[in-house]
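J.: Output the structure for:
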Amino acid sequence: MILYTIMSEEFIYNNDYKQNESTKIVGFNNKKLEVVELEGGLCKVVRIMSTIPSDYIDPQIQPGEIIKLN
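T.: Numbers count the residues shown, from 1 in each chain. All right, here's what the predicted structure looks like:
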């Protein structure tokens with residue numbers, strides 16, 4: 001079975017899902033991302049939260065990328 005969803009595996013398969021306390025959800029270029037805050041207004045992308053397929057191939061917001069929030 002293939003399940004197409006923006007939800008993480010922990011949420012789907014485990015009722016004890018909680019967002020990691022060191023991450024937060026932010027808006028960046030009209031996209032919703034889960035990020036870890038770094039120093040100096042920088043954030044590291046953890047997860048893309050979108051239903052638009054083209055968002056997942058945007059090289060600026062791939063998980064692991066460092067972005068600057070305004």
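J.: all helices of this protein, in order?
T.: 9-13 (DSSP state H).
J.: Show the residue spans covered by the strands in the chain.
T.: Using DSSP state E, the strands found in the chain span residues 23-28, 31-37, 42-49, 66-68.
J.: what's the offset of the longest one from the middle of its chain?
T.: Going back to what we said before, that points to strand 42-49. On the basis of C-alpha atoms, centre = their mean, to the nearest Å, strand 42-49 sits 5 Å off its chain's mean C-alpha point.
J.: Any idea what residue 34 is bridged to?
T.: Beta-bridge pairing of residue 34 under DSSP bridges involves residue 25, residue 47.
J.: Residue 40: how many residues sit nearby?
T.: 6 (other C-beta atoms under 10 Å). Where you see a C-beta, it was placed from the backbone N, CA and C, and this is true even at glycine.
J.: circling back to that earlier point, what about the strands of the chain, which gets the closest to residue 5?
T.: Closest approach to residue 5 among the strands of the chain is made by strand 42-49 (10.7 Å; C-beta to C-beta).
J.: That closest one packs against which elements?
T.: Applying 3 or more C-beta pairs under 8 Å, 6 or more residues apart in numbering; DSSP states H and E, we find strand 42-49 packed against strand 23-28, strand 31-37, strand 66-68.
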